[in-house]
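Chemist: show me the folded form of this:
(2 chains)
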Number of protein chains: 2
Amino acid sequence: MSRRMRVSVVQLGPIPKDDSREKTMLRLLNLFEDATADDRTDLVVFPELALTSFFPHWEIRDSEELHAYYESEIPSPGMAPLLEASKRKGVAVTFGYGERTAENRLFNTASLFKGEKELLRFRKVHLPGYNEVQPDIRHQNLEKMYFRVGDLGFPVVDFKNTRIGLLICNDRRWPESYRMLSLQGAELVCIGYNSPIHTPSIAEADILTDFHNELSMQAGAYQNSMWVIGAAKGGVEEGVDQIGGSCIIAPNGKIVAQAVSNSDEVIGADIDLDMSARFRKHMFNFTLHRRPELYRAITEPMPEGWPRPALSS
Amino acid sequence: MSRRMRVSVVQLGPIPKDDSREKTMLRLLNLFEDATADDRTDLVVFPELALTSFFPHWEIRDSEELHAYYESEIPSPGMAPLLEASKRKGVAVTFGYGERTAENRLFNTASLFKGEKELLRFRKVHLPGYNEVQPDIRHQNLEKMYFRVGDLGFPVVDFKNTRIGLLICNDRRWPESYRMLSLQGAELVCIGYNSPIHTPSIAEADILTDFHNELSMQAGAYQNSMWVIGAAKGGVEEGVDQIGGSCIIAPNGKIVAQAVSNSDEVIGADIDLDMSARFRKHMFNFTLHRRPELYRAITEPMPEGWPRPALSS
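Modeler: Predicted coordinates for the structure are as follows:
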């Protein structure tokens, strides 16, 4: 008998910064109810920074105003209603949030919870954007100013009859992220994201934002024989238009379910976890075919002068 | 002024094993003439094992018969006519061949030549298939029996106004391959391949062979901001039906030229080498965004028990 799981994705439309935390939480709770209405869902996946607006899109000078976007005890009071719903339904939930530690260290974080029990925490590794305000662009991305690089590596956890990892947004464009998870045996990865259609630094790619989203996650799924669950926050939030495209991707790289809007929307799929094992048996048998001794540059410090480093002799 | 280059791809149809070397070379020469007829092509890319049939698809017990498929001095007499054409036209050429060293070590190799001058040599790292004959399957893949794992790493060379690397067939499904080249500053990679539509070990993926070909190369291009030039040997060769789909892919992941057949066919494109530099400036600025210290498992020996290794505490 094959190992199966039912996964639901809650795509969110914009969360205006003037919406109260209470109003947003009510919205998330209603969507969680939709996502679990079939009484057989095992896991509900929400996007990156699901409790608030994506605040790195603008400058916040006042530290009190900034800190209101972070949770400082995990689980936090602000999460409590969603975790209560998770407990009541017996359904696990993962979502992203700003994390502020007791030492005032700030991270872009996602956790997997079953009720109040935190099963897994990931802190975003690949922070895009800048650590200072950029002049003359349509919107900022100040993630390098508002967050530190994640210090937890790429952790995985056994959940139900499989092994799960988490990634956040820009992590999905870097093949190392998926590889770190699949090397540890993860068969499923949940990825929340906020992806503006317009990227000021490389506007020639704006027409390809959806394509790059799918390409990165489909390649990650195929090349690692993993289920990839992508959950978007889409639509126009505080003037920034973001893609939707939330999707569930099989270990063969094919999209098996996808959102059709860029606003609040629930999608789901029954997934065959053994598919991962089948692809890892021959073609993507890492033990037989990978050559880690030949990849050394991947874990060495970046070469001086890149992208035009000196040729090694 | 942008740095530009004109690249042509020679896709090959089947090379029957009973065709003489001379007959095959005449065919390659005619295709090289087609590919350079515009008098402005800088580089012509041929597939993997372009001088012969893809002989790993069957068992060869007689060592003399087997060794006839390899070149033992590089450049070899069997390559000479093509290299003479390269010299006469002043156009570089890359193609794959079986390589047998003086020490009788056998490799699946590709070289880049300008005339008789060998500019770059790569020996295939990711050998698929088996080191012994498999029973009850429609065709063999005995690459692990007929070749050693490449021992040259992932070399690059400066050519004209850019930097080039080579990969071979199954190397293109492994993200580490592209990464090793882009970390060294390669802006263009040439990949020859022979890809059967039917893979006995994972037949459920047969309907996706073209998709996986494109997905792997498009992701490699996008995630490494590189031009990817894919050259297929397609069609039914010795009973094995292979995909065509030769293509030229931009650093934004988009296919800019693609073969429409699975037989002899020439495609070409003018490519903008600065596109690579543009994508490496912000979004894929490896120096700013990669975290090599967090990727250690990628260069460590494969974990015991993978794909279900013990969880690290």
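Chemist: alpha carbons only for contacts and neighbour counts from here, please
Modeler: OK.
Chemist: packing partners of whichever helix or strand A:Arg27 is part of?
Modeler: If you go by DSSP states H and E, A:Arg27 is part of helix A:21-35. With contacts taken as 3 or more Cα pairs under 8 Å, 6 or more residues apart in numbering or on different chains; DSSP states H and E, helix A:21-35 sits against strand A:4-11, helix A:80-89, strand A:265-272.
Chemist: columns mean neighbour count on top of these, output as CSV?
Modeler: Formatted as CSV, the helices and strands packed on helix A:21-35 follow (neighbours: other Cα atoms under 10 Å in any protein chain shown):
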stretch, mean neighbour count
strand A:4-11, 24
helix A:80-89, 18
strand A:265-272, 19
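Chemist: export those to a markdown table and append columns for mean pLDDT and distance to chain B.
Modeler: Formatted as a markdown table, these follow (pLDDT from 0 to 100; distance: least, Cα to the nearest Cα, whole Å):
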| stretch | mean pLDDT | distance to chain B |
| --- | --- | --- |
| strand A:4-11 | 98 | 17 |
| helix A:80-89 | 98 | 25 |
| strand A:265-272 | 98 | 14 |
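Chemist: what does the stretch 1-150 of chain A put close to chain B?
Modeler: Within the stretch 1-150 of chain A, the positions adjacent to chain B are A:Val125, A:His126, A:Leu127, A:Pro128, A:Gly129 by Cα under 8 Å from any Cα of the partner chain.
Chemist: among those residues, which two are most distant?
Modeler: Pairwise distances across the residues of the stretch 1-150 of chain A next to chain B (Cα to Cα) peak at 12.7 Å, for the pair A:Val125 and A:Gly129.
Chemist: list the buried ones in stretch A:23-43?
Modeler: Under the neighbour-count criterion of 16 or more other Cα atoms under 10 Å in any protein chain shown, stretch A:23-43 has A:Thr24, A:Met25, A:Leu28, A:Leu29, A:Leu31, A:Phe32, A:Ala35, A:Thr36, A:Thr41, A:Asp42, A:Leu43 buried.
Chemist: and the pLDDT for A:Arg280?
Modeler: On pLDDT, A:Arg280 comes in at 98.
Chemist: please apply the same query to A:Ser313.
Modeler: Looking at A:Ser313, its pLDDT is 62.
Chemist: next SSE downstream of the helix holding A:Arg27?
Modeler: That would be, after helix A:21-35 and using DSSP H and E, strand A:43-45.
Chemist: any idea of the mean pLDDT for that next one?
Modeler: Averaging pLDDT residue by residue across strand A:43-45 gives 98.
Chemist: was I right to think A:Gly234 contacts A:Val10?
Modeler: No - under the criterion of Cα atoms under 8 Å, A:Gly234 is not in contact with A:Val10, lying 11.2 Å apart.
Chemist: ok so, going back, so how far is the helix holding A:Arg27 from its chain's centroid?
Modeler: On the basis of Cα atoms, centre = their mean, to the nearest Å, helix A:21-35 sits 19 Å off its chain's mean C-alpha point.
Chemist: does the helix or strand that A:Leu288 is a member of come close to chain B?
Modeler: Per DSSP H and E: A:Leu288 is located in helix A:286-289. Yes - counting by Cα under 8 Å from any Cα, chain B has neighbours in helix A:286-289: A:Phe286, A:Thr287, A:His289.
Chemist: any residues touching that helix, and which ones?
Modeler: Here helix A:286-289 makes contact (Cα atoms under 8 Å, 6 or more residues apart in numbering or on different chains) with A:Arg280, B:His126, B:Leu127, B:Pro128, B:Met302, B:Trp306.
Chemist: if we can go back for a sec, out of the residues of the stretch 1-150 of chain A next to chain B, grab the one that's most surrounded.
Modeler: Tallying neighbours with other Cα atoms under 10 Å in any protein chain shown puts A:Val125 at the head of the residues of the stretch 1-150 of chain A next to chain B, with 27 neighbours.
Chemist: list the contacts for the residue nearest to that one when sequence neighbours are not counted?
Modeler: Excluding the flanking residues, the one nearest A:Val125 by Cα to Cα, 6 or more residues apart in numbering or on different chains is A:Gly150, at 4.7 Å. Counting by Cα under 8 Å, 6+ apart, A:Gly150 makes contact with A:Phe107, A:Asn108, A:Phe122, A:Arg123, A:Lys124, A:Val125.
Chemist: A:Glu99 against A:Glu71, yeah?
Modeler: Yes - applying Cα under 8 Å as the test, A:Glu99 and A:Glu71 come out as touching, 5.0 Å apart.
Chemist: neighbour-wise, which of these two wins?
Modeler: Each of A:Glu99 and A:Glu71 has its neighbours counted (other Cα under 10 Å); A:Glu99 has more, 24 against 21.
Chemist: okay, helices next: where are they in chain A?
Modeler: A:21-35, A:63-67, A:80-89, A:143-146, A:175-183, A:209-224, A:274-279, A:286-289 (DSSP state H).
Chemist: returning to what we had before: CSV please, covering the residues of the stretch 1-150 of chain A next to chain B and showing pLDDT.
Modeler: Putting the residues of the stretch 1-150 of chain A next to chain B into CSV (pLDDT from 0 to 100) gives the following:
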residue, pLDDT
A:Val125, 98
A:His126, 98
A:Leu127, 98
A:Pro128, 98
A:Gly129, 97
